[in-house]
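S.K.: Okay, sequence plus prediction incoming.
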Amino acid sequence: MSETVDILAIAAHRDDVEQTCGGTLLKMAQMGRRTAILDMTRGEMGTRGTMEDRAREAEDARQILQVSWRKALDIPDGQVENNFDNRKKVAAVIRELRPRVLILPYWQARHPDHYTAGVLGYEAAFVAGLAKLDLGFPAHRPFKIIYASLYADVRPTFVVDISEQFETRLQALLAYRSQYSDQEKGSGLFPREAEIREKVAHMAGFYGLLAGVKYAEPFVQKEVGLVEDLLSIPVQSV
Ligand SMILES: [Zn+2]
């Protein structure tokens, strides 16, 4: 029997979550929330490293980010498709873990696996709520779906301050040694460690600037926010 979680982050590839919302997951864990990561693929098409390397690295990153649960599905790398079989695979995990909040990749991206994962995750959350569909666990639908939008050319609905989590989040990303360590193979494709640090700091710094903090991670929510008390709106305008 697996335990339920508060937040489940789903992404196409191992190390996607580390890049787009790893700091937020760590922050939530530090606040006492139970978090989980579901990777849709196992990385067998990667230019560098093997599937086994990536599994080990993903486990290291899980521990660094204090994530309670992590698993990779067997959807083919580079061929993430939004079909009913895949929706059922993802929906079964949503039912097993019963997250209140689901984090998905933003629905537009350069890499087809990334934007497909966003749409597939959304439709899987719907499928997970169909009471008459037998997936081995009782029906469940997350209360809230938000989209990690770090690499999308879109203005975030809100950002999460990860100034305190930034260094640890970077370590989780660098745990993918087969991808990021200085080495020759595929060196045109993969920035070296120092460049990664600089790039990650630029991105987090940009989103932090939007909300007046040092480092932040951006999210988009589709729903309009509902406000009860104007004095409780969290962001300072000037
Ligand atoms: Zn990816």
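M.R.: Everything's here; your move.
S.K.: now the least confident helix or strand in the chain by mean pLDDT, how far from the chain's geometric center?
M.R.: Lowest by mean pLDDT, DSSP states H and E among the helices and strands of the chain is helix 177-180, with a mean of 81. Distance of helix 177-180 from its chain centroid, counting by CA atoms, centre = their mean, to the nearest Å, is 19 Å.
S.K.: That one - contacts with which helices or strands?
M.R.: Other elements packing on helix 177-180 under the criterion 3 or more CB pairs under 8 Å, 6 or more residues apart in numbering; DSSP states H and E are helix 51-64. To be clear about C-beta, it is placed using only N, CA and C from the backbone, and glycine gets the same treatment.
S.K.: so what does the helix it packs on touch, helix or strand wise?
M.R.: Checking 3+ CB pairs under 8 Å, 6+ apart, helix 51-64 ends up next to strand 69-72, helix 166-174, helix 177-180.
S.K.: What are the contacting residues of the longest one?
M.R.: When you say that, I think you mean helix 166-174. Residues outside helix 166-174 that contact it (CB atoms under 8 Å, 6 or more residues apart in numbering): 15, 18-19, 22-23, 26, 60-61, 64-65, 162, 180, 193, 196-197, 200-201, 204, 214-215.
S.K.: Which residues of the chain lie near the ion?
M.R.: Counting by CB under 5 Å from the ion, the chain comes close to the ion at 13, 16.
S.K.: hmm, 8 Å instead?
M.R.: With the criterion set to CB under 8 Å from the ion, the chain comes near the ion through 11, 12, 13, 15, 16, 19, 111, 113, 114.
S.K.: Reformat those as CSV; add secondary structure and pLDDT.
M.R.: Below are these laid out as CSV (DSSP: H, G, I helix; E, B strand; the rest coil; pLDDT from 0 to 100):
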residue, secondary structure, pLDDT
11, strand, 97
12, coil, 97
13, coil, 95
15, coil, 93
16, helix, 96
19, helix, 96
111, coil, 94
113, helix, 96
114, helix, 96
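S.K.: Nothing else from me, thank you.
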